[in-house]
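*Asks:* below are the sequence and a predicted model for it; my questions follow.
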Amino acid sequence: DGKTMIFYVDDMEKAAVPVTGSISDATSTLTVGAQNDGTYAFSGFIDELKFRNTVQEYDPYEANLLSKWKFNEQTGSTLAKNEIIGAGDFVIPQEILSDFAQVDGQKGLLLPENASAYPVLEGFSGNVGSNFTLSCFYKGDQSVADKGTAVLFGKGPKTTGHYELWLYEGRLAFFAPEIH
């Protein structure tokens, strides 16, 4: 509704927080597994990154998707075309090109601890405004909980149009400088 941020874990509402503001239109780099500068790295498994232009709802036909990436297979250094709906290809760094795995019946990308590069999508608009849903499947190793903060994905530097989904001591969190 543009006034409440709701966190879901396993499709169950876990927290609701009142918010104000809207994320500005800005085209930037979307990075999976760390900040765009490589800090706050996530070590673990990630798949099915989705952006919707509506609030969370059951959507079996995925009619409201802006973008979706299934990290199941690649062609060269990018995801296979059948794994993408919407905006562009992620470039998968050479050191993790073959790190596709299966965890809890879900096939996706395994991000190693201390990687030197992360999957990136240059020129991503993904402009979500104030009514949106960001989601992904993830499973972190114990070091995620131990080290405190790990970014699942983030868009652009911490300026206008930036947002990130991250874990803080095992809890899901969202940050956007334009939302208060």
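*Replies:* Alright, I've got the coordinates. Predicted, not measured: the structure shown is a model, and the values here were computed from it. Residues are numbered from 1 along each chain as shown.
*Asks:* from here on, just use CA atoms for contacts and neighbour counts.
*Replies:* OK.
*Asks:* lowest confidence element among the helices and strands of this structure?
*Replies:* Every helix and strand of the chain was ranked by mean pLDDT, DSSP states H and E. The lowest is helix 142-147, at a mean of 57.
*Asks:* what element comes up after that helix heading to the C-terminus?
*Replies:* With elements assigned by DSSP states H and E, the helix or strand that comes after helix 142-147 is strand 149-155.
*Asks:* show the average pLDDT along that following strand.
*Replies:* Per-residue pLDDT values across strand 149-155 average out to 86.
*Asks:* next SSE downstream of that strand?
*Replies:* Sequence-wise, the next helix or strand downstream of strand 149-155 (DSSP H and E) is strand 163-168.
*Asks:* so how far is that next one off the chain centroid?
*Replies:* Remark: strand 163-168 is offset 8 Å from the chain centroid, using Cα atoms, centre = their mean, to the nearest Å.
*Asks:* quick one, that strand and strand 149-155 angle?
*Replies:* With axes from the mean of the first three to the mean of the last three Cα atoms, to 10 degrees as the basis, strand 163-168 and strand 149-155 are set at 170 degrees to each other.
*Asks:* so which elements touch the very next helix or strand once past strand 163-168?
*Replies:* Remark: after strand 163-168, the chain's next helix or strand is strand 171-175, criterion DSSP H and E. Applying 3 or more Cα pairs under 8 Å, 6 or more residues apart in numbering; DSSP states H and E, we find strand 171-175 packed against strand 163-168.
*Asks:* strand partners of the strand it packs on, parallel vs antiparallel please.
*Replies:* strand 149-155 (antiparallel), strand 171-175 (antiparallel) (DSSP bridges).
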